[in-house]
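Student: here is my input; please provide its structure:
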Amino acid sequence: MEYKITLARAKEILRPFAYPRGSESVKLEDAYKRVLAKDYTASENIPAFDRSAADGYALNSAITTEASQDAPKVLKVPEEAVAINAGEPIPESADAIAGFGSFSGFAFDSATLTEPISAGANITHTGSYVKSGELIAAKGEIVTPEIAGTLAGQGITEIEVYLRPRIGIISIGDEIISGQVRDSNRYTLEFALRDCGCIPFWLGLAEDVTQDIAHYINSGRGLDAMISTGGSAYGNNDFITSAFDAMGAFSLCWGGTGEEWGTFAFATLGITPLICLSGEPRKMFSTLNEIVIPALRQFAGFKA
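Tutor: Residues are numbered from 1 along each chain as shown. You can find the predicted model right below:
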């Protein structure tokens, strides 16, 4: 076991054990904030055709060049100007859309234009949002509302996402059991785990006794990882390392690199990482952010 390691070394030790444990196919409506396990490319252009971006009239811009407020041009409907709604395909004879605000008056068979319209005005062109073959969602990205809408726009309603790591949480300390100290670490960890795409499992509160800590670690067998707070200290008060040994876990390291971080220890039970952080909330949170959260994000499949 490596002893009194640096934070940088702790990251190196933990990283190989934090990898996705597989993927599953889920319906798009159930995939909010899940992590994509594969790349998705567009099979269709969006929009699929040139379409109007405004309500108005489709026309050929060449006939509008002399229109003005002082010399309005009366266009024949539908010969020179075709009524169109936003989202409708552009007629073959037209190269622009004049919105209703460009006209001063309307009749059954005519519309009076008061300004020139440039070619391409108010037209949303084929593939201007998404082009066929374009990467629309990358492996390791979170499924956001925007990504969900883009996938649905391609007719994709079932996607492959990484399994969410199931992480056990154990609090350790006689001072918590006696009520001298409140267990805030449990809730900090639960919310941090959810934020990293993991599923937290509360395993319980252990005494500062090797056998009790080992009992709670054993109850978490089958989970993807376990995180405990407290129980790691200098000398005879280092109960967590004794518990690792009692479980037959392989201790990787024991760290205590300064006042800001407190003590921490890592071990593995098979391929299951066992992570012990300081019981002091400020120190626990510092080490959690610096070392553990990057590993949890990697565990959940987030791209680097």
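Student: got the contact list for the worst-scoring helix or strand of the chain on mean pLDDT?
Tutor: Of all helical and strand segments in the chain, the minimum by mean pLDDT, DSSP states H and E falls on strand 2-3, at a mean of 78. Contacts with strand 2-3, where a contact means CB atoms under 8 Å, 6 or more residues apart in numbering, come from 9, 13, 252-254. Just so you know, the C-beta spots here come from the backbone N, C-alpha and C atoms, and that holds for glycine as well.
Student: show me these that map onto helices.
Tutor: Cross-referencing these against helices under DSSP state H gives 9, 13.
Student: return the members of the contacts of strand 2-3 classed as buried.
Tutor: 13, 252-254 (16 or more other CB atoms under 10 Å).
Student: circling back to that earlier point, check the offset of the least confident helix or strand of the chain from the chain's centre.
Tutor: 35 Å (CA atoms, centre = their mean, to the nearest Å).
Student: what lines up beside that strand in the sheet?
Tutor: As defined by DSSP bridges, the strand partners of strand 2-3 come to strand 250-255 (parallel).
Student: average model confidence for the partner strand?
Tutor: Mean pLDDT, strand 250-255: 83.
Student: let me see the ranges of the strands in the stretch 1-150 of the chain.
Tutor: In the stretch 1-150 of the chain, the strands defined using DSSP state E, counting those that start in this stretch lie at 2-3, 23-27, 40-41, 51-52, 56-59, 73-76, 82-84, 96-99, 103-107, 110-113, 123-124, 135-137.
Student: Ile176 is nearest to which of the ones you listed?
Tutor: Closest of the strands of the stretch 1-150 of the chain to Ile176 is strand 2-3, at 27.1 Å (criterion: CB to CB).
Student: name the nearest of the contacts of strand 2-3 relative to Lys303.
Tutor: Minimum distance to Lys303 across the contacts of strand 2-3 is 22.0 Å, recorded for Ile13 (CB to CB).
Student: sorry, back to before: mind putting the contacts of strand 2-3 in TSV, distance to Gly127 included?
Tutor: Converted to TSV, the contacts of strand 2-3 look like this (distance: CB to CB, whole Å):
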residue	distance to Gly127
Arg9	50
Ile13	48
Leu252	51
Cys253	53
Trp254	57
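Student: and the contacts of strand 2-3, which is closest to Thr210?
Tutor: Thr210 lies nearest to Trp254 out of the contacts of strand 2-3, by CB to CB, at 15.4 Å.
Student: ok, that closest one - contacts?
Tutor: By CB under 8 Å, 6+ apart, the residues touching Trp254 are 1-5, 232, 238, 241, 263-265.
Student: try 7 Å this time
Tutor: 1, 3, 241, 265 (CB atoms under 7 Å, 6 or more residues apart in numbering).
Student: host element of the third one?
Tutor: Right, Thr241. Using DSSP states H and E, Thr241 maps to helix 239-247.
Student: hmm, who's touching that helix?
Tutor: Contacts of helix 239-247 (CB under 7 Å, 6+ apart): 208-210, 213-214, 217-218, 228, 231-232, 251, 254, 265, 267, 269, 274, 276.
Student: just stretch 268-287 next, same as before
Tutor: Defining contact as CB under 7 Å, 6+ apart, one finds that stretch 268-287 is touched by 14, 17-18, 172-173, 184-185, 188, 217, 223-232, 240, 244, 247, 249-250, 252, 260-267, 288, 292.
Student: which ones among those map onto strands?
Tutor: Taking DSSP state E, the ones among the contacts of stretch 268-287 that sit in strands are 172, 225-229, 250, 252, 264-267.
Student: for ChimeraX, what selects the buried ones among the residues you listed?
Tutor: Buried members of those, defined by 16+ other CB under 10 Å, are picked up in ChimeraX with:
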select :172,225,226,227,228,229,252,264,265,266,267
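Student: which single one of the ones in strands among the contacts of stretch 268-287 is nearest to Asp195?
Tutor: Ile227 (13.9 Å).
Student: just the helices from the chain, written as ranges.
Tutor: For the chain, the helices defined by DSSP H cover 7-14, 145-153, 174-177, 185-195, 210-219, 239-247, 281-287, 293-300.
Student: those: which one's closest to Pro89?
Tutor: helix 145-153 (17.2 Å).
Student: report the central residue of the protein.
Tutor: In the chain, the centroid-proximal residue (CA atoms, centre = their mean) is Ile142; its distance is 2.5 Å.
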